[in-house]
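Enquirer: got a predicted structure here, sequence first:
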Amino acid sequence: MSFFQRLKERVSQTTESVTQKFLTGLSKTSSSFVGAMNQLFTGYSKIDEDLYEELEELLISADVGVRTTMDLMDRLREEVKVRKIKEPTDLQPLMVELVGELMETGEKKGGIQLREEEMTVILFVGVNGVGKTTTIGKLAHRFKQQGKKVVLAAGDTFRAGAIEQLEVWGNRVGVDVIKHQAGSDPAAVIFDGIQAARSRNADILLCDTAGRLQNKVNLMEELKKVFRVVKREVPNGPHEVLLVLDATTGQNAMVQAKQFREAADVTGIVLTKLDGTAKGGIAIAIHHELELPVKLVGLGEKADDLQDFDTDQFISALFQGVEVTQ
């Protein structure tokens with residue numbers, strides 16, 4: 001069975017609504033990326049160094065990243081020789097296959113595994129403006145729909161309006177929000193959140209954290225203090241530390257990820273606003289270079305547009321419209 005047959009079979013096993021969300025959410029990237037590849041491959045009569053250089057530039061401009069692009073180009077050159085490929089148009093299905101193989105090296109399925117025997121504590125980290133609070137609200141909605149009891153802790157006490165924004169989500173979803181006054185110690189808010197969630201027999205505690213610039217040492221120290229409080233109060237916690245990144249910021253998201261990993265034991269990535277960029281190749285770079293699973297992706301504005309990441313759905317949607325004859 002070829003790569004494409006396996007991919008089609010796996011995608012068909014997912015609900016049609018999920019497939020459609022990925023197709024719609026990645027339509028901008030697909031249109032830009034696949035369209036540019038089509039033009040490139042049909043514009044050459046032979047496979048030569050000029051074609052390779054243009055393809056390399058195309059991948060980097062789509063935010064696939066320099067390291068990931070170099071790895072893909074090395075594999076492409078090797079496979080062209082091994083398979084004795086002569087026609088430039090035959091490179092497009094090969095690129096689909098190589099990206100698929102690259103992303104199959106990590107976790108294929110995203111999502112969050114909840115603890116059955118104890119309350120699940122999830123921390124959200126990331127700079128301001130990436131969609132942290134909205135992600136928390138959407139996740140609270142999902143868990144509430146699943147019949148879980150959820151409590152939110154408004155640990156981002158510094159950003160103007162952050163506490164109020166989380167309260168709006170809490171009211172909308174119907175879950176309690178534990179808060180202090182603006183400017184309070186974030187660790188104290190998280191401590192109170194843990195105690196309140198326990199007293200309410202909550203299944204899940206979702207904790208927002210301060211998201212000011214990640215290169216400020218004192219702010220990273222605040223984050224470490226939050227971690228110490230959680231670990232002291234919940235010996236096995238936090239069970240997830242999700243770094244929220246904005247897909248529209250491209251390679252800047254990679255810089256943020258590397259810096260946050262130094263301050264927090266990040267367990268996974270939430271990639272927001274993937275539907276708002278034509279450079280969704282950043283998901284490939286994150287998957288390949290960070291060696292961290294992309295657990296959730298934002299594919300739209302609605303509460304249910306926050307989806308578990310699925311490598312097969314991503315590749316299929318990214319390369320939608322590619323004609324494959326293998």
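Expert: Everything's here; your move.
Enquirer: sketch out the low-pLDDT regions of this protein for me.
Expert: Under the criterion pLDDT under 70, the flagged ranges of the chain are 1-2, 4, 105-109, 212-217, 321, 323-326.
Enquirer: hey, where'd the helices end up in it?
Expert: Across the chain, reading from the start of the chain, the helices by DSSP state H fall at 3-12, 16-25, 27-42, 49-61, 66-83, 91-103, 132-145, 162-173, 186-199, 217-233, 251-263, 282-289, 311-318.
Enquirer: to residue 272, which of those lies closest?
Expert: Among the helices of the chain, the nearest to residue 272 by CB to CB is helix 132-145 (6.3 Å). C-beta here means a position set from N, CA and C on the backbone, and glycine is covered the same way.
Enquirer: can I get that closest one in PDB? Just the C-alpha atoms.
Expert: Below are the C-alpha coordinates for helix 132-145, written out as PDB (Å, rounded to 0.1, in the frame of the first residue of the first chain):
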ATOM      1  CA  LYS A 132      -4.100  31.800  25.600                       C
ATOM      2  CA  THR A 133      -7.200  32.900  27.300                       C
ATOM      3  CA  THR A 134      -9.400  32.100  24.400                       C
ATOM      4  CA  THR A 135      -7.900  28.600  24.200                       C
ATOM      5  CA  ILE A 136      -8.600  28.100  27.900                       C
ATOM      6  CA  GLY A 137     -12.200  29.100  27.400                       C
ATOM      7  CA  LYS A 138     -12.700  26.800  24.400                       C
ATOM      8  CA  LEU A 139     -11.100  23.900  26.200                       C
ATOM      9  CA  ALA A 140     -13.400  24.600  29.200                       C
ATOM     10  CA  HIS A 141     -16.400  24.500  26.800                       C
ATOM     11  CA  ARG A 142     -15.200  21.100  25.400                       C
ATOM     12  CA  PHE A 143     -14.700  19.500  28.800                       C
ATOM     13  CA  LYS A 144     -18.000  20.800  30.100                       C
ATOM     14  CA  GLN A 145     -19.700  19.300  27.000                       C
END
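Enquirer: contacts only, for residue 319.
Expert: By CB atoms under 8 Å, 6 or more residues apart in numbering, the contact set of residue 319 is 30, 34, 95, 96, 99.
Enquirer: still on that earlier bit, can you redo the helices of the chain as TSV with distance to residue 296 and mean neighbour count?
Expert: Rendered in TSV, the data for the helices of the chain read as follows (distance: least, CB to CB, whole Å; neighbours: other CB atoms under 10 Å):
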stretch	distance to residue 296	mean neighbour count
helix 3-12	19	15
helix 16-25	12	16
helix 27-42	17	17
helix 49-61	25	16
helix 66-83	21	15
helix 91-103	16	20
helix 132-145	7	22
helix 162-173	16	18
helix 186-199	21	20
helix 217-233	20	16
helix 251-263	14	17
helix 282-289	12	24
helix 311-318	12	25
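Enquirer: right, and those helices - which one's nearest residue 118?
Expert: Counting by CB to CB, residue 118 lies closest to helix 186-199 out of those; the figure is 10.0 Å.
Enquirer: now do the closest one: everything it contacts.
Expert: 119, 121, 151-158, 176, 178-180, 205, 207, 209-210, 222, 225-226, 228-230, 233-234.
Enquirer: again, 6 Å this time
Expert: When contacts are taken as CB atoms under 6 Å, 6 or more residues apart in numbering, the neighbours of helix 186-199 outside the stretch itself are 119, 151, 153, 155, 157, 178, 180, 205, 207, 210, 222, 225-226, 229, 233.
Enquirer: from these, pick the one nearest residue 64.
Expert: Among the contacts of helix 186-199, and counting by CB to CB, the member closest to residue 64 is residue 210, at 31.2 Å.
Enquirer: what is the neighbour count of the closest one?
Expert: Residue crowding around residue 210 was assessed by other CB atoms under 10 Å; the count is 21.
Enquirer: do the same with residue 266
Expert: Counted with other CB under 10 Å, the neighbours of residue 266 add up to 19.
Enquirer: now do residue 296
Expert: Residue 296 is surrounded by 24 other residues when neighbours are defined as other CB under 10 Å.
Enquirer: in the sheet, who's paired with it?
Expert: In this entry, residue 296 is beta-bridged to residue 270, residue 308, by DSSP bridges.
Enquirer: from what I can see it touches residue 270, true?
Expert: Yes: taking contact to mean CB atoms under 6 Å, the distance of 4.4 Å between residue 296 and residue 270 places them in contact.
Enquirer: and for the chain, the residue most distant from the center?
Expert: Here the centre of the chain is the reference, and by CA atoms, centre = their mean the most remote residue is residue 45, at 37.9 Å.
Enquirer: distance of that one from residue 322?
Expert: Applying CB to CB, to the nearest Å, the value for residue 45 to residue 322 is 21 Å.
Enquirer: ok, residue 205 next?
Expert: Relative to residue 322, residue 205 is positioned 43 Å away (CB to CB).
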